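Novice: Return a 3D structure for these sequence lines:
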Amino acid sequence: MPLDTLNRVAVRDLGPKGRGMVALLPIPRGLLIDSAPVLILPPEDRRRMEDSRVAHYWFYWDEGATDEDWSAAIALGPVSLCNHSEAPNSRFEADLESCRIDLYALRDIQAGEEITFDYGCELWFEVKD
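Specialist: Just a heads-up that it's a prediction; the model follows:
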């Protein structure tokens, strides 16, 4: 069962990193932190948006698609504002069937701690861990 994200996490300004998700209460390892519905951008829509700010927030959505012929997903919730870390405290799973992204704690997360995951792609920015 998803957590009530209004009570467990919040989006905060994290200075040089921009906005990010922060735990308001302790989150135990393995717990589902957030489950966000996604808006799917088919390849033709994704290509039109590649030079926009939206491209900084999408998730790769298709399994086995070619380099150019893949769909993107925009998470409609706080998970879309999670920052990258090379030592993340969470991981995401794309649920292709139900069009959701689920975010799980990889380890215990303390109240006040930023929630991060590894983007798993070539980065377009300098990491500020």
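Novice: in this structure, which segments are predicted with low confidence?
Specialist: 1-6, 63-66, 119-129 (pLDDT under 70).
Novice: What are the boundaries of the strands in it?
Specialist: 9-13, 19-23, 32-41, 58-60, 72-75, 83-84, 90-95, 100-105, 114-117 (DSSP state E).
Novice: so the nearest residue to residue 14 once chain neighbours are set aside bridges to which residues?
Specialist: Counting by Cβ to Cβ, 6 or more residues apart in numbering, residue 14 lies nearest to residue 20, which is 4.6 Å off, once chain neighbours are set aside. C-betas here are computed from N, CA, C, even on glycine. Residues in a beta bridge with residue 20, per DSSP bridges, are residue 12.
Novice: Can you give me the separation between residue 20 and residue 53?
Specialist: Plainly put, residue 20 is 16 Å away from residue 53 if you go by Cβ to Cβ, to the nearest Å.
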